[in-house]
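[1] quick check, what structure comes out for this input:
(one chain, ligands or ions: 1)
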Amino acid sequence: MTTIRFIREGLDIQCKPGENLRELVIKEQLQLYGLKGILGNCGGVGQCSTCFVSVEGGTSNSLSPLTTVEEEKLKNRPDNWRLACQTLIKSSAVILTKPQSPPSNLKDLKEAADNKKLPR
Ligand code: FES
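    Sure thing, here's the model as predicted:
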(Lines give C-alpha, C1' and ligand atoms only; values in the text may rest on other atoms or scores of the structure.)
Protein backbone atom coordinates (compact mmCIF):
# COMPACT_ATOMS: atom_id res chain seq x y z
CA MET A 1 0.00 0.00 0.00
CA THR A 2 1.02 3.58 -0.55
CA THR A 3 -0.34 6.89 0.68
CA ILE A 4 -1.72 9.93 -1.10
CA ARG A 5 -1.87 13.00 1.11
CA PHE A 6 -4.61 15.39 0.05
CA ILE A 7 -3.62 18.71 1.53
CA ARG A 8 -6.85 20.63 0.85
CA GLU A 9 -8.86 17.95 2.65
CA GLY A 10 -6.22 17.17 5.30
CA LEU A 11 -6.48 13.47 4.56
CA ASP A 12 -4.02 10.64 4.01
CA ILE A 13 -5.60 7.95 1.83
CA GLN A 14 -4.04 4.55 1.41
CA CYS A 15 -4.18 2.94 -1.99
CA LYS A 16 -2.52 0.33 -4.13
CA PRO A 17 0.28 1.26 -6.52
CA GLY A 18 -1.18 1.36 -10.02
CA GLU A 19 -4.45 2.97 -8.99
CA ASN A 20 -5.73 5.83 -11.11
CA LEU A 21 -5.69 9.11 -9.20
CA ARG A 22 -9.09 10.29 -10.49
CA GLU A 23 -10.70 7.00 -9.54
CA LEU A 24 -9.16 7.19 -6.06
CA VAL A 25 -10.49 10.72 -5.51
CA ILE A 26 -13.97 9.73 -6.65
CA LYS A 27 -13.94 6.51 -4.61
CA GLU A 28 -13.04 8.52 -1.52
CA GLN A 29 -15.80 11.04 -2.30
CA LEU A 30 -13.41 13.99 -2.44
CA GLN A 31 -14.16 16.94 -4.69
CA LEU A 32 -12.05 16.76 -7.83
CA TYR A 33 -13.94 19.08 -10.09
CA GLY A 34 -14.73 22.76 -10.07
CA LEU A 35 -18.08 23.94 -11.41
CA LYS A 36 -17.16 23.39 -15.06
CA GLY A 37 -16.15 19.80 -14.37
CA ILE A 38 -19.20 19.14 -12.22
CA LEU A 39 -21.45 20.35 -15.00
CA GLY A 40 -19.71 18.32 -17.66
CA ASN A 41 -16.55 16.27 -17.44
CA CYS A 42 -15.38 13.69 -19.91
CA GLY A 43 -15.56 10.79 -17.50
CA GLY A 44 -11.83 10.35 -17.36
CA VAL A 45 -10.77 10.05 -20.97
CA GLY A 46 -8.49 13.09 -21.00
CA GLN A 47 -10.63 15.41 -23.09
CA CYS A 48 -12.18 18.03 -20.79
CA SER A 49 -9.20 19.38 -18.81
CA THR A 50 -11.24 19.74 -15.64
CA CYS A 51 -9.56 17.18 -13.38
CA PHE A 52 -6.49 19.24 -12.52
CA VAL A 53 -4.42 18.43 -9.48
CA SER A 54 -1.04 19.77 -8.46
CA VAL A 55 1.71 17.59 -7.11
CA GLU A 56 3.06 19.23 -3.97
CA GLY A 57 5.31 16.48 -2.65
CA GLY A 58 6.62 12.98 -3.06
CA THR A 59 9.41 11.86 -5.33
CA SER A 60 9.90 12.28 -9.05
CA ASN A 61 8.77 8.66 -9.33
CA SER A 62 5.63 8.91 -7.20
CA LEU A 63 3.32 9.13 -10.21
CA SER A 64 3.30 7.82 -13.76
CA PRO A 65 5.01 10.02 -16.35
CA LEU A 66 2.99 12.65 -18.22
CA THR A 67 0.90 11.13 -20.98
CA THR A 68 0.84 12.61 -24.46
CA VAL A 69 -2.66 13.87 -23.65
CA GLU A 70 -1.30 15.74 -20.63
CA GLU A 71 1.62 17.15 -22.59
CA GLU A 72 -0.93 18.72 -24.91
CA LYS A 73 -3.56 19.77 -22.35
CA LEU A 74 -1.13 21.10 -19.74
CA LYS A 75 1.05 23.17 -22.10
CA ASN A 76 0.19 26.49 -20.44
CA ARG A 77 -0.15 25.21 -16.89
CA PRO A 78 2.39 25.01 -14.06
CA ASP A 79 4.90 22.17 -14.31
CA ASN A 80 3.53 20.39 -11.24
CA TRP A 81 -0.04 20.12 -12.56
CA ARG A 82 -1.49 16.82 -13.73
CA LEU A 83 -4.76 15.55 -15.09
CA ALA A 84 -5.93 13.14 -12.40
CA CYS A 85 -7.59 10.89 -14.96
CA GLN A 86 -4.27 10.38 -16.75
CA THR A 87 -2.23 9.76 -13.61
CA LEU A 88 -1.37 6.44 -12.05
CA ILE A 89 -0.05 6.25 -8.51
CA LYS A 90 3.30 4.55 -8.06
CA SER A 91 4.22 5.59 -4.51
CA SER A 92 3.31 8.15 -1.87
CA ALA A 93 2.66 11.72 -2.99
CA VAL A 94 1.17 14.97 -1.77
CA ILE A 95 -1.66 16.30 -3.92
CA LEU A 96 -3.71 19.48 -4.10
CA THR A 97 -7.09 19.04 -5.74
CA LYS A 98 -8.51 21.91 -7.80
CA PRO A 99 -5.25 23.92 -7.93
CA GLN A 100 -7.02 26.37 -10.23
CA SER A 101 -8.95 27.51 -7.11
CA PRO A 102 -6.37 27.33 -4.34
CA PRO A 103 -7.61 27.74 -0.77
CA SER A 104 -6.69 31.01 0.93
CA ASN A 105 -4.74 29.10 3.59
CA LEU A 106 -2.74 27.07 1.08
CA LYS A 107 0.59 28.06 2.60
CA ASP A 108 -0.53 26.79 6.03
CA LEU A 109 -1.92 23.59 4.52
CA LYS A 110 1.36 22.95 2.72
CA GLU A 111 3.33 23.55 5.90
CA ALA A 112 1.11 21.16 7.84
CA ALA A 113 1.52 18.53 5.12
CA ASP A 114 5.30 19.01 5.08
CA ASN A 115 5.54 18.64 8.84
CA LYS A 116 4.07 15.13 8.82
CA LYS A 117 6.29 12.35 7.53
CA LEU A 118 4.84 10.89 4.36
CA PRO A 119 4.56 7.09 4.62
CA ARG A 120 6.21 5.25 1.72
S1 FES B 1 -11.75 13.88 -16.47
FE2 FES B 1 -11.69 14.93 -18.38
S3 FES B 1 -9.58 15.31 -18.69
FE4 FES B 1 -9.63 14.21 -16.83
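[2] list phi and psi for the residue nearest to residue 96 when sequence neighbours are not counted.
    Leaving aside its chain neighbours, residue 96 sits nearest to residue 54 (4.5 Å; criterion: C-beta to C-beta, 6 or more residues apart in numbering). The way it works is simple: take the backbone N, C-alpha and C, and place the C-beta from them, glycine included. Main-chain dihedrals, residue 54, degrees, to the nearest 10: phi -120, psi 150.
[3] which residues touch residue 54?
    78, 80, 81, 82, 95, 96, 99 (C-beta atoms under 8 Å, 6 or more residues apart in numbering).
[4] let me know the closest of those to residue 47.
    residue 82 (15.3 Å; C-beta to C-beta).
[5] now residue 12: how far from the ligand?
    Distance, residue 12 to the ligand, by C-beta to the nearest ligand atom, to the nearest Å: 23 Å.
[6] what's around that residue, how many residues?
    When counting by other C-beta atoms under 10 Å, one arrives at 15 neighbours for residue 12.
[7] quick one: list the elements packing against the helix or strand containing it.
    According to DSSP states H and E, residue 12 maps onto strand 11-15. Applying 3 or more C-beta pairs under 8 Å, 6 or more residues apart in numbering; DSSP states H and E, one finds that strand 11-15 contacts strand 2-6.
[8] show me which of the contacts of residue 54 is closest to the ligand.
    Nearest to the ligand among these, counting by C-beta to the nearest ligand atom, is residue 82 at 9.5 Å.
[9] would you confirm that the closest one contacts residue 64?
    No. Checked against C-beta atoms under 8 Å, the pair residue 82 and residue 64 is beyond contact range at 9.1 Å.
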